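Colleague: below is the sequence, then the predicted model.
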Amino acid sequence: MRALVVIERLADGVDELSLQALAFGRGLAGGPDVHALAVGEGGADLAPLLGAHGVSEVHVAEHEAFVSYAPPAVARAVVDLVERLSPGLVLAAGSDRGNEVLARAAAMVELPFAANCVDATTGDPLRVTRQRWGGSLLEEAELAGAPALLTVAPHVVAAAPVDGAEATVDTFTPTLSPDELAVRVVEHVRAEAAGVSLSDANVVVSGGRGTGSAEGFAVLEELAELLRGAVGCSRAVTMAGWRPHTDQVGQTGTKIAPDIYIACGISGATQHMAGCKGAKKILAINVDPEASIMASADYAVIGDLREVVPAVSAEIRKARGT
Ligand SMILES: Cc1cc2nc3c(=O)[nH]c(=O)nc-3n(C[C@H](O)[C@H](O)[C@H](O)COP(=O)(O)OP(=O)(O)OC[C@H]3O[C@@H](n4cnc5c(N)ncnc54)[C@H](O)[C@@H]3O)c2cc1C
């Protein structure tokens, strides 16, 4: 079966979640007929990388609209390719952007769309298992019609290169109506950030309401720096204005999959766990042994984070002789 995968680009390559969607799509297509859509100038430069991940042909949509994120315009480019290539499957990453673009494309072709799939079986209809309610519920669904449009939940498959040959490149210009140019990003305001980003960090030291204040994060920042990690937080913290929303982990924040997630003064609400359940290990530091997070934690320290976290940092320094 032919698969078309919508790629999200980074300044220097391809977003990891798109490579995961490619691995998922490749498996589902069951063959080498895997196409990719990359919008914007320089998309052709991705041909070696995408080829290495099993893409046979990369379609580069060029238009001045693509200098920034323009979801209806990208959706139109997807629909143009659907009409030209007749794929059986159209996939994207289950990111905010991937879900938005495929939802719009599905509306344009009047077909159903399954977001955040964790598994799929080809057939007529295609059967999917997908995450609902931030991952706290798995839904079995059937997806009728062709092509089947779906996004792949983050971190359910690994991005796995297959050492394929460089993809061939097809460049095209979608015909965009004024309506399709109306929604686009006009300005980026960069959050002040230092060190490793929350979504890429192998170690995340995260704080909840139990930190008590913005100043209460100083001990977490110190530990994160020692472990070359990033600082995260719960929504209680962003609602209180102690940290920016870019630090929030959860259903309405960033979804992460670090090697270890150190949750300090976080109760473990479902909406929070939706963002960190991809962590390989969870260490909970909490005064309450009955806190819900204990059900998901691999390790726990029952105690006041204001004492426990500095003690951990001190031990690390001692062990390193610094
Ligand atoms: C639609 C929706 C979306 C949401 N999205 C998100 C989301 O993306 N991310 C998110 O986090 N939440 C989200 N929430 C909110 C979520 O339901 C919880 O309210 C929130 O996660 C609670 O944050 P918390 O654990 O920091 O606070 P609390 O639930 O108040 O927990 C504080 C914890 O700190 C412990 N504690 C207190 N003092 C100390 C101390 N000195 N040392 C150690 N432990 C201490 C307490 O025992 C407690 O377990 C969402 C809610 C809704 C309705």
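Modeller: Yep, it's here.
Colleague: for the nearest residue to residue 62 once chain neighbours are set aside, list the residues it contacts.
Modeller: Among residues not flanking residue 62 along the chain, residue 173 sits closest, at 5.5 Å (C-beta to C-beta, 6 or more residues apart in numbering). C-beta: built from backbone N, CA, C; applies to glycine. If a contact means C-beta atoms under 8 Å, 6 or more residues apart in numbering, then residue 173 has 61-63 as its contacts.
Colleague: which of the residues you listed sits closest to the ligand?
Modeller: residue 61 (32.6 Å; C-beta to the nearest ligand atom).
Colleague: pairing partners for that closest one in the sheet, please.
Modeller: With DSSP bridges as the criterion, residue 61 is bridged to residue 39, residue 172.
Colleague: pretty sure it contacts residue 170?
Modeller: No. With contact defined as C-beta atoms under 8 Å, residue 61 does not count as touching residue 170 (9.8 Å).
Colleague: which of those two has more residues huddled nearby?
Modeller: residue 61 (24 against 16; other C-beta atoms under 10 Å).
Colleague: which residues touch that one?
Modeller: Applying C-beta under 8 Å, 6+ apart to residue 61 gives the contacts 37-40, 43, 74, 77, 80, 172-174.
Colleague: try 10 Å
Modeller: Shown in contact with residue 61 (C-beta atoms under 10 Å, 6 or more residues apart in numbering): 37-40, 43, 73-74, 76-78, 80-81, 170-174, 176.
Colleague: make CSV out of the contacts of residue 173 and add pLDDT and distance to the ligand.
Modeller: CSV is the format used below for those (pLDDT from 0 to 100; distance: C-beta to the nearest ligand atom, whole Å):
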residue, pLDDT, distance to the ligand
61, 97, 33
62, 96, 36
63, 96, 34
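Colleague: nearest to residue 21 among these?
Modeller: Closest approach between these and residue 21, by C-beta to C-beta: residue 61, at 17.4 Å.
Colleague: gap between that closest one and residue 44?
Modeller: 11 Å (C-beta to C-beta, to the nearest Å).
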